[in-house]
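A.B. asks: Below are the sequence and a predicted model for it; my questions follow.
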Amino acid sequence: VRKKGEESMFNNNLKKEALKIHEKTLAEYNASYGIMGKSCELLYEIRGKSVELIKLVQEVVNSIANTPKQFDTELGKIGKELTKFKETEQYAKEAYDASLKAGVNIVGGTTAGIGIASMAPTALMSIATTFGTASTGTAISALSGAAAQKAAMAWIGRTFAGFAVKEGAGMAAGQAFLALAGPIGWGITAASTGISLISLTNKNKDVAEKAVKEAKEIAKAREALDETTEKINALKAKTDRLFDDMNREKSKIMSFMNLDYLSLREEDKLFLGTLVNHTLSLSQLLNETIE
């Protein structure tokens, strides 16, 4: 039979090992989250370049006289996709501004909460355009005061799992980005991982069990993050290929500026028809989101 002192020592060692596992799992999760965030930013970057190329094609095709009606139809669809992408960016920017104005902190750390200001607005926009805004349809700019702040928080709350407008969860400042774990369903809530495990209870065995259980949940969330990163990278690769193919023809595209469609050779008409189709495809990729 294990003596009381021996059992206490055993449980203390158990706690230490469990906390080590928890710390390691948490570090791995944060690394995966950082990689996912970078993937969002790279996707947003190629989308920004795509917007400029799409606008160039719009300008060139609109300058050509006597184009087929089909071109007008396709350009209308392209215009709608550009508007939708811009609205998503704008919604994220307004949420950022409203949060900043409200002085909202991402879950308070041991010394100070990390404010929304610590994120660049472009980082928020990259995530918003990757996963969608899930907005109610009411623009934040159309609201004022507390209503605007509430709308901003509602959007961020839906977009980022575990985003909590509260302090004192005990999360270390270095782990605060756990509060931005991505769309609801993947991540761990800040309240869960943020609480200092050591302070939860004096019973070493209970702490050990809690740490191991939570580490398993964090590991599952990390797997989901890694899968999501793969989806983002695949979408970026698809966008890259189409953008590169079109961008290589940039000089040729510009050579059609202010021409008359009726005077073009058949091969040039075919080129323009293909160009408009590719431009529509590229504009649709701007608004493809990760589920």
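C.D. replies: Good, I have the coordinates. Small disclaimer: the values here were computed from a predicted structure and weren't measured.

A.B. asks: buried stuff in stretch 84-93?
C.D. replies: Using 16 or more other Cβ atoms under 10 Å as the test for burial, stretch 84-93 gives 85, 88, 89, 90, 91, 92, 93. Where C-beta positions appear, they are placed from N, C-alpha and C, glycine not excepted.

A.B. asks: where are the low-confidence patches of the chain?
C.D. replies: Applying pLDDT under 70 to the chain flags the ranges 1-7, 10, 95, 98-120, 133-202.

A.B. asks: Now do the contacts for the residue lying closest to residue 84 once chain neighbours are set aside.
C.D. replies: Closest residue to residue 84 apart from its sequence neighbours, by Cβ to Cβ, 6 or more residues apart in numbering: residue 287 at 5.2 Å. Counting by Cβ atoms under 8 Å, 6 or more residues apart in numbering, residue 287 touches 81, 84, 85, 88.

A.B. asks: if you set the cut-off to 7 Å instead, what comes out?
C.D. replies: 81, 84, 85 (Cβ atoms under 7 Å, 6 or more residues apart in numbering).

A.B. asks: so can I have CSV of those residues showing distance to residue 57?
C.D. replies: Output for those, formatted as CSV (distance: Cβ to Cβ, whole Å):
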residue, distance to residue 57
81, 12
84, 17
85, 15
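
A.B. asks: Are there helices or strands packed against the biggest helix by length in the chain, and which ones?
C.D. replies: For the chain, the helix with the greatest residue count under DSSP state H is helix 4-63. Under the contact criterion of 3 or more Cβ pairs under 7 Å, 6 or more residues apart in numbering; DSSP states H and E, helix 4-63 touches helix 69-102, helix 121-131, helix 204-247, helix 250-254, helix 266-286.

A.B. asks: ok so, going back, of the contacts of residue 287, closest to residue 72?
C.D. replies: residue 81 (15.3 Å; Cβ to Cβ).

A.B. asks: Distance-wise, check that closest one relative to residue 207.
C.D. replies: Applying Cβ to Cβ, to the nearest Å, the value for residue 81 to residue 207 is 52 Å.

A.B. asks: Looking at those two, which one has more neighbours?
C.D. replies: Between residue 81 and residue 207, counted using other Cβ atoms under 10 Å, the more crowded position is residue 207 (23 against 20).

A.B. asks: quick one: that one from residue 14, how far?
C.D. replies: From residue 207 to residue 14 the distance is 9 Å (Cβ to Cβ).

A.B. asks: ditto for residue 71
C.D. replies: 71 Å.

A.B. asks: now swap in residue 257 and tell me
C.D. replies: 74 Å.

A.B. asks: more neighbours, the two?
C.D. replies: residue 14 (17 against 13).

A.B. asks: How many neighbouring residues does residue 72 have?
C.D. replies: 11.

A.B. asks: got the contact list for the closest residue to residue 253 other than its chain neighbours?
C.D. replies: In this structure, residue 253 finds its nearest non-sequential neighbour in residue 60, 5.6 Å apart by Cβ to Cβ, 6+ apart. Residue 60 sits next to 253, 254, 256, 257 when contact means Cβ under 7 Å, 6+ apart.
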